[in-house]
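> sequence isn't available, so here's the structure alone:
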C-alpha cells in the first residue's frame, strides 16, 4: 500500500514511522526544510521537503498513484485542500484528514473527505463521559455573582416530572421562569406540568442551589452540586 | 446587494470601497484591525475582525445568503476554505477565491467556485506586454454550468455569465467573461 502523508509534525512523524515499520510504502511531505531534514536524517529518504498543498509538488510526490492520502498538518484549511486535491485532481481512492475545529467536520464530510480524525472531538468526548449528566448546569452569574442562571435537565428519576411548577417547593430567593421543551422555550406558568426531557431555567441565589437540585434533579447528589 | 470580502489587503480594500461607493452593502473580514486602516475614512460598509475560515465569524459577518463573497487573503487554502464554507454551508450565491497556485486554481474552478490566479494573470500580462504568445485563458476561471451555481440561483442569470454586464451587479462581467482588460482579442 502506498500512503502519502502530508504534514511532518508529531502526528505525521509517528504515523510515517509506524507505517514504514508495518511494511508500507510511504512518502512524507513537510514544507519546513529544517524539520524535513531532521526527519529524513532519522527515518531515511522518504521525506519530500515541499508544501503538500501545492499541486506541482503533490504530483512530484506521486500523489496520482497513492492508495491513501493522510493530511495531518495543524491547519484545517490545509488538510481540507490536500484531501480535495488528492481526491478530485489525482483520483486518490481514500483520503483522511485531521480536523482540529470540530465545527469543520460537517463541511469536510460534505466536501468529500473520506475520513475525519478530530483529536479535539475525541478528547472532548472522553471528558464529557466523565461528567455526571445529573447535574445543574450553570449558565451565567448575574449581579455581582450572588445570583446564578441555572439550567436543570429533567431526566428519569427527577421528582419534578409529572408535577406542575406550583407543586414544587421552590426555595425563597429563587424563581423558575422558563421551560425548554423540544427546543422551544416557553414561560413557565404555575399550571405547567413538567415532563421528562424538559430543561427548566431558573434564576436564584447561589445558596439555593442544593434545594433546587433536590427538587429538580433528585436527592443524593445535592452535595456535589454545591 | 450584499457583499462579503475576506481579507482587507490592498485588493480587498479597493474592492470594498468600490462596492460601497456603488451603493452596495459591504462587509470586510480580517483578523487584524490594523488592516482596516487601508479603507478610506469615507467607507460606509462594516468591518468584522475575525478568521474567514471560521463559520461563526462568517455568519456574524452576514455571509449567509450573501449575493457575492470574495476571499482574498494571502493564503490559498484559507481562501478555498472560506469560499467553500460560504458556498456550501451558507448559501452565498456567487463566490470567488484568490488561488495563486495555478494547479489548485484550475482544480477548484471545476469544483464549483470561481477562482482568480495571480500567477497566471501576471505572467500572462507580462507575456502580452512583451508580445509573446499568451495562453488563451480567462483571468477568472469560473465553475462550468454543470457545477454549483445552479443550486443557488445566481443573481444575474447564470454563472456562465453569457449576458455579462446586464445583471443587477453594475460592476461588470460575469465570471466566465472576465479577462485581463484589453490585452488580448482572440
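All right, it came through fine. What you see is a predicted model, and the numbers here were worked out from it, not measured in a lab.
> tell me the spacing between whatever residue of chain B ends up closest to chain A and residue A:87.
Nearest residue of chain B to chain A (C-beta to the nearest C-beta) works out as residue B:103 at 2.4 Å. In this view, the C-beta of every residue, glycine as well, is placed from N, C-alpha and C. Distance of residue B:103 to residue A:87, computed by C-beta to C-beta, to the nearest Å: 14 Å.
> the residue nearest to residue B:143 when sequence neighbours are not counted: how many residues sit nearby?
The spatially closest residue to residue B:143, leaving aside those adjacent along the chain, is residue B:112, at 4.7 Å (C-beta to C-beta, 6 or more residues apart in numbering or on different chains). By the other C-beta atoms under 10 Å in any protein chain shown criterion, the neighbourhood of residue B:112 contains 23 residues.
> ditto for residue A:102
For residue A:102, using other C-beta under 10 Å, the count is 15.
> check contacts around the nearest residue to it once chain neighbours are set aside.
Using C-beta to C-beta, 6+ apart and skipping the chain neighbours, the partner closest in space to residue A:102 is residue A:121 (4.7 Å). Shown in contact with residue A:121 (C-beta atoms under 8 Å, 6 or more residues apart in numbering or on different chains): A:99, A:102, A:105.
> can you pull the contacts of the last one?
Contacts here follow C-beta under 8 Å, 6+ apart; on that basis residue A:105 touches A:99, A:116, A:118, A:121.
> cutoff 6 Å now
Counting by C-beta atoms under 6 Å, 6 or more residues apart in numbering or on different chains, residue A:105 touches A:99, A:116.
> from chain B, how far off is it?
11 Å (C-beta to the nearest C-beta, to the nearest Å).
> just how off-centre is the strand or helix carrying that residue within its chain?
Taking DSSP states H and E as the criterion, residue A:105 maps to helix A:105-110. Centre-to-centre, helix A:105-110 and its host chain are 13 Å apart (C-alpha atoms, centre = their mean, to the nearest Å).
> now swap in stretch A:96-110 and tell me
10 Å.
> does residue A:46 touch residue A:24 like I think?
No: using C-beta atoms under 6 Å, residue A:46 is not in contact with residue A:24, being 10.5 Å away.
> the residue lying closest to residue B:49 once chain neighbours are set aside: neighbour count?
Nearest non-adjacent residue to residue B:49, counting by C-beta to C-beta, 6+ apart: residue B:33, 5.4 Å away. Applying other C-beta under 10 Å, we find 10 residues neighbouring residue B:33.
> state the distance from residue B:78 to residue B:50.
12 Å.
> these two - which one has more neighbours?
residue B:78 (24 against 16).
> checking that one next. Helix, strand or coil?
Following DSSP: H, G, I helix; E, B strand; the rest coil, residue B:78 is assigned to helix.
> show the contacting residues for it.
A:77, B:53.
> okay, it: pLDDT?
Note for residue B:78: predicted pLDDT of 95.
> do residue B:177 as well
pLDDT at residue B:177 comes out at 40.
> hang on, the earlier thing: the residue of chain B closest to chain A touches residue A:55, doesn't it?
Yes: counting by C-beta under 6 Å, residue B:103 does reach residue A:55; the two are 2.4 Å apart.
> up against chain B, what does chain A have?
A:53-55, A:77-78, A:80-81, A:85, A:88-89, A:103, A:107, A:110 (C-beta under 6 Å from any C-beta of the partner chain).
> list buried residues within these.
Among those, those buried by neighbour count (16 or more other C-beta atoms under 10 Å in any protein chain shown) are A:53-55, A:77-78, A:80-81, A:85, A:88-89, A:107.
> in strands only, show me those residues.
Among these, no member falls in strands (DSSP state E).
> so which of those is the closest to residue A:17?
Of all these, residue A:17 sits closest to residue A:78, with 21.4 Å by C-beta to C-beta.
> hang on, residue A:118 packs against residue A:99?
Yes: the pair residue A:118 / residue A:99 is scored as a contact, 4.5 Å apart, by C-beta under 6 Å.
> neighbour count winner among these two?
residue A:99 (22 against 19).
> tell me how many other residues surround the closest residue to residue B:64 other than its chain neighbours.
Excluding the flanking residues, the one nearest residue B:64 by C-beta to C-beta, 6+ apart is residue B:90, at 4.7 Å. Here the number of neighbours of residue B:90 (other C-beta under 10 Å) works out to 20.
> in chain A, which residue sits closest to chain B?
residue A:55 (2.4 Å).
> on the three-state scheme, residue A:58 is what?
Residue A:58 ends up helix, using three-state DSSP.
> number of nearby residues for it?
That count, for residue A:58 with other C-beta under 10 Å as the rule, works out to 28.
> and it, what's its pLDDT?
For residue A:58, pLDDT reads 94.
> from residue B:14, how far off is the most centrally placed residue in chain A?
By C-alpha atoms, centre = their mean, chain A has its centre lying nearest to residue A:121, at 3.0 Å. Computed as C-beta to C-beta, the residue A:121 to residue B:14 distance reads 40 Å.
> any chance of the residues of chain A next to chain B in CSV, plus distance to residue A:188?
Formatted as CSV, the residues of chain A next to chain B follow (distance: C-beta to C-beta, whole Å):
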residue, distance to residue A:188
A:53, 53
A:54, 58
A:55, 59
A:77, 45
A:78, 49
A:80, 44
A:81, 49
A:85, 54
A:88, 52
A:89, 56
A:103, 32
A:107, 38
A:110, 39
